[in-house]
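Colleague: Build me a model from this:
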Amino acid sequence: MAHDKATRFWRWYRTIPILAMALVAALSLGLAGLPSEQFGRFRLPINYKSEILDSSGRHGVDPLLVCAVIKCESNWDPDAVSGAGAVGLMQIMPATSAELASYGLVDRWSYDPDNLTDPQTNIEYGCAYLAQLTGQLGSTDEVIAAYNAGPGSVTSWLSGGGDIADAIAYPETALYLKSVQDTYAGYQRLYTETLNER
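Modeller: Residues are numbered from 1 along each chain as shown. All right, here's what the predicted structure looks like:
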C-alpha cells in the first residue's frame, strides 16, 4: 500500500514540470498573438496617469520620462522599498523629499514628505526632483544618471569633459542609464500620440 502511494506521488510529481512548461507555452502563444503595440503596452503600462500628467505638468518634466523612471525604479509598485531606504514608485529617499519640501519645491501641506508610499505624493516629489536635476544639468542623460547617482557624482564625472555615458564611474549607474534610456524610448514609441487622452 505504501509502495502504491509513493508510486502515485512520483508520477504526479513528474507531471508538475510538464504542466508548468505547458502553461508558459500557452501564455507565450497568447502574448505572441497580440499586436505589437498591445504587447508593448502590456510590457510598458502606464498606471496613475492623471497623477503623472498633473505633477509632470506642474514641474515641467516629460511625463513619459516619469513613466520610464517609475518602470525602472519600482516596476509600478507603490510599496517598493530599496535596501538603501528609497520608497515608493519613484524610489524617493526620505531625506530628498524633506529637502524638496524645505526648498518650497513641493507643498508639504498638500504632499506630506513622510507619506512616500502614497502614489500621488511620491510622483509629486519624483517630478520635483527631476525638475530640480533638469535645472542643474545639461541633458536628459545627465538627469537620468543623477537620479541614480546624485548630481554631485554627475558633475564630478563631467568635469573631465566628454559625454556622460562615457564618463560614468559606477557600473550600476551605467546600467541604469541604459535601462531608462531604452524604457523611455519604448514609452515614447507607444504613447506619444495618446498620453494626453484621459
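Colleague: Alpha carbons only: can I get stretch 70-82 in CSV?
Modeller: Provided in CSV are the C-alpha atoms of stretch 70-82 (Å, rounded to 0.1, in the frame of the first residue of the first chain):
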residue,chain,number,x,y,z
ILE,A,70,8.9,54.6,-12.4
LYS,A,71,9.1,51.4,-14.5
CYS,A,72,12.8,51.1,-13.9
GLU,A,73,12.8,52.1,-10.3
SER,A,74,9.9,50.1,-8.9
ASN,A,75,8.1,48.4,-11.8
TRP,A,76,5.0,50.4,-10.7
ASP,A,77,5.0,49.1,-7.1
PRO,A,78,3.9,51.9,-4.8
ASP,A,79,5.0,49.9,-1.7
ALA,A,80,8.6,49.2,-3.0
VAL,A,81,11.4,50.0,-0.6
SER,A,82,15.0,49.6,-1.5
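Colleague: Run through who's touching it.
Modeller: Applying CB atoms under 8 Å, 6 or more residues apart in numbering, the contact partners of stretch 70-82 are 44-45, 47, 52, 86-91, 117-119, 122-123, 126, 176, 179-180, 183, 187. Placement of C-beta: from N, CA and C, glycine included.
Colleague: mind listing the strands for this structure?
Modeller: Along the chain, no segments are classed as strands by DSSP state E.
Colleague: all helices of it, in order?
Modeller: For the chain, helices defined by DSSP state H occupy the ranges 2-32, 36-43, 49-59, 63-74, 94-102, 119-136, 140-149, 151-158, 164-167, 171-191.
Colleague: mind putting those in a markdown table, mean pLDDT included?
Modeller: Formatted as a markdown table, the helices of the chain follow (pLDDT from 0 to 100):
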| stretch | mean pLDDT |
| --- | --- |
| helix 2-32 | 57 |
| helix 36-43 | 67 |
| helix 49-59 | 97 |
| helix 63-74 | 98 |
| helix 94-102 | 97 |
| helix 119-136 | 98 |
| helix 140-149 | 97 |
| helix 151-158 | 95 |
| helix 164-167 | 92 |
| helix 171-191 | 96 |
